[in-house]
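> I'll drop the sequence and a predicted model, then ask my questions.
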Amino acid sequence: MDEFFKTAGMKSAGKVVCANAKNKKELPKRTMKKIERCLK
């Protein structure tokens, strides 16, 4: 992922790690809120 951003000339805003998300089909609302806060 870091190589993609470097090649495209972009910088990443951060990384999101979702624990115990292997068998879940959707992200929990709490995780979605964390991602939205990082993008503001």
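Yes, it's here.

> from here on, just use CA atoms for contacts and neighbour counts.
Fine.

> look up how far Lys6 lies from Thr31.
For Thr31, the distance to Lys6 equals 26 Å [Cα to Cα, to the nearest Å].

> between the two, tell me which one has more neighbours.
Taking neighbours as other Cα atoms under 10 Å, Thr31 and Lys6 compare with Thr31 leading, 14 against 11.

> so what's the spatially most central residue of the chain closest to, chain neighbours aside?
A centroid search over the chain (Cα atoms, centre = their mean) returns Val16, at 3.8 Å, as the residue closest to the centre. Nearest residue to Val16, sequence neighbours excluded (Cα to Cα, 6 or more residues apart in numbering): Ile35, at 7.2 Å.

> wait, the one you found touches Lys15, no?
No - using Cα atoms under 8 Å, Ile35 makes no contact with Lys15, being 9.0 Å away.

> of those two, who's got more company?
Taking other Cα under 10 Å, Ile35 and Lys15 do not tie; Ile35 has more neighbours (14 against 8).

> returning to that earlier point: what do Ile35 and Lys15 both touch?
Here Ile35 and Lys15 have no joint contacts, going by Cα atoms under 8 Å, 6 or more residues apart in numbering.
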